[in-house]
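[1] pasting a predicted model and its sequence here:
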Amino acid sequence: MGMLPPLVSPGPPLEPARLARYSRQLMLPGFGEEAQRRLAHSRVLVVGAGGLGSASIPQLAAAGVGTIGVVDDDTVELTNLHRQTAHALADVGRAKVDSIAETVAAIDPGIVVHRHAIRLTSGNIMALLADYDLVLDGSDNFATRYLTNDATALSHKPLVWGAILRYGGQASVAWADAGPTYRDLFPVPPAPGDVPSCSEAGVLPGVCTAIGSIMATETVKLITGIGDPLIGRVTTYDALTGRYRELEYGRDPEAPRITRLIDYEAFCAARTPRGSSSAKRVSSPAIPAQTPQPTDAGAPPTMTLPSTPGRVSPAQLARRIADGEPLQLIDVREPFEAAIASIAGSQLMPLGGLVHALDRVRRDVPVVVYCHSGVRSLHAARILQQAGIAQVDDLEGGIDAWSREIDPALPRY
């Protein structure tokens with residue numbers, strides 16, 4: 001791609017104290033005071049104050065980005081703290097936008113932080129983007145990623161995006177005015193349930209830091225015009241090997257032109273479930289966070305699975321149990337998860353060893369499987385169906401939904 005013109009014009013001259021603060025980056029070759037003034041004059045919208053936001057927002061603030069908007073409607077939970085290092089134990093229960101705003105203020109009270117405690121939708125994103133120069137997307141769901149991609153394309157603004165899962169991650173820059181976008185790399189989202197969330201599959205904290213640092217650096221490069229931005233290239237990181245790799249990609253000549261925003265929840269939900277003969281997917285093994293994977297190392301990744309099993313809501317399952325209906329309730333989570341919380345009467349059969357525990361699954365009564373949030377249980381139900389067990393449902397939303405809707409005394413994690 002090569003160097004691009006700076007995205008933001010320089011702001012007013014900096015005070016001596018600000019020059020001293022940024023002296024170690026002002027002396028960088030090709031940087032200087034003008035680049036610092038561009039940062040001070042810039043306005044960056046960050047989507048998500050979780051793992052990637054926690055890694056990138058403090059770096060943007062420390063580098064001198066003058067205005068940072070943060071979009072997140074979530075609150076801090078105990079399970080966030082191992083990787084979302086911008087939040088602390090005292091912040092549990094607080095809005096993430098409030099917690100991270102205080103983190104920025106502790107770094108530099110001169111940075112302006114706009115808190116957007118909302119969920120981005122097709123109805124509100126365009127008005128929000130009008131106030132910012134570029135978007136950094138650290139969201140954890142595909143609907144938001146396609147939404148930010150399309151909205152930035154329509155508003156002619158660059159998008160710095162990243163994704164993380166387990167031991168790996170990836171980052172790139174999508175800018176329709178200068179090169180390919182996220183849709184050129186991933187024309188369609190993965191089928192529902194194909195890619196587990198961090199709550200299902202886990203993530204190593206250092207992966208958040210590595211990918212978040214790349215995203216923050218790409219943002220600084222775009223604002224100031226230094227270096228070669230990651231447009232048409234994806235950088236991937238594998239923590240287990242310590243290797244970074246790069247994948248080049250270009251515009252897809254057959255991709256439909258982005259002319260309007262759509263219902264992105266419906267767009268992602270409409271993907272054909274895995275195992276259907278009509279499923280289509282464009283992906284690359286070099287992109288681990290979107291490449292469909294088994295949710296456990298022990299689950300067969302290549303088996304042909306039947307159609308989607310039935311799903312039962314927490315209320316429906318509670319009613320069946322209360323009515324005394326004979327059924328077998330199977331927990332396919334890991335033992336440490338069952339030690340945190342479990343539904344009374346369930347039997348633990350972790351997904352990774354389920355194919356070796358089929359003799360423990362009853363065939364004379366209906367079977368209901370559950371996990372943390374419903375991803376692993378869907379895979380488990382398909383495995384049981386393939387094994388010839390016809391009466392199989394999985395618990396929609398998993399034990400997390402059960403604890404929210406049926407038994408609030410159960411710990412959530």
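    Yes, it's here.
[2] so where's this structure shaky on pLDDT?
    1, 193, 271-308 (pLDDT under 70).
[3] in terms of helices and strands, where is the residue sitting nearest the centre point of it?
    Nearest to the mean C-alpha position of the chain, by Cα atoms, centre = their mean, lies residue 140 at 1.8 Å. Following DSSP states H and E, there is no helix or strand that holds residue 140.
[4] state the phi and psi torsions of it.
    When read as degrees, to the nearest 10, the backbone of residue 140 gives phi -120, psi 20.
[5] contacting residues around it?
    Taking Cβ atoms under 8 Å, 6 or more residues apart in numbering as the criterion, residue 140 is in contact with 48, 50-51, 197-198. From N, CA and C alone the C-beta is placed, and that goes for glycine too.
[6] which of the residues you listed fall within helices?
    Using DSSP state H, the members of these that fall in helices are 51, 198.
[7] just the buried ones from the contacts of residue 140, in PyMOL syntax?
    Selecting only the buried members of these in PyMOL, with burial defined as 16 or more other Cβ atoms under 10 Å, works like this:
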select buried, resi 48+50+51+197+198
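[8] find the pair from the contacts of residue 140 with maximum spatial separation.
    Using Cβ to Cβ, the contacts of residue 140 span at most 13.0 Å, a distance reached by 48 and 197.
[9] run a quick neighbour tally on residue 227.
    15 (other Cβ atoms under 10 Å).
[10] how many residues are close by residue 342?
    Residue crowding around residue 342 was assessed by other Cβ under 10 Å; the count is 18.
[11] which non-adjacent residue is nearest it?
    residue 331 (5.8 Å; Cβ to Cβ, 6 or more residues apart in numbering).
[12] for the helix or strand containing residue 183, packing partners?
    Per DSSP H and E: residue 183 is located in helix 182-185. Secondary structure elements in contact with helix 182-185, counted by 3 or more Cβ pairs under 8 Å, 6 or more residues apart in numbering; DSSP states H and E, are helix 142-154, strand 168-174.
[13] what would that helix look like as CSV? C-alpha coordinates only.
    Included here for helix 182-185 are C-alpha records, laid out as CSV according to Å, rounded to 0.1, in the frame of the first residue of the first chain:
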residue,chain,number,x,y,z
TYR,A,182,-13.6,-6.6,5.9
ARG,A,183,-16.2,-7.9,3.5
ASP,A,184,-13.5,-8.5,0.8
LEU,A,185,-11.8,-10.8,3.3
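[14] residue 164 in helix, strand or coil?
    Three states are possible here, and by DSSP: H, G, I helix; E, B strand; the rest coil the one that applies to residue 164 is strand.
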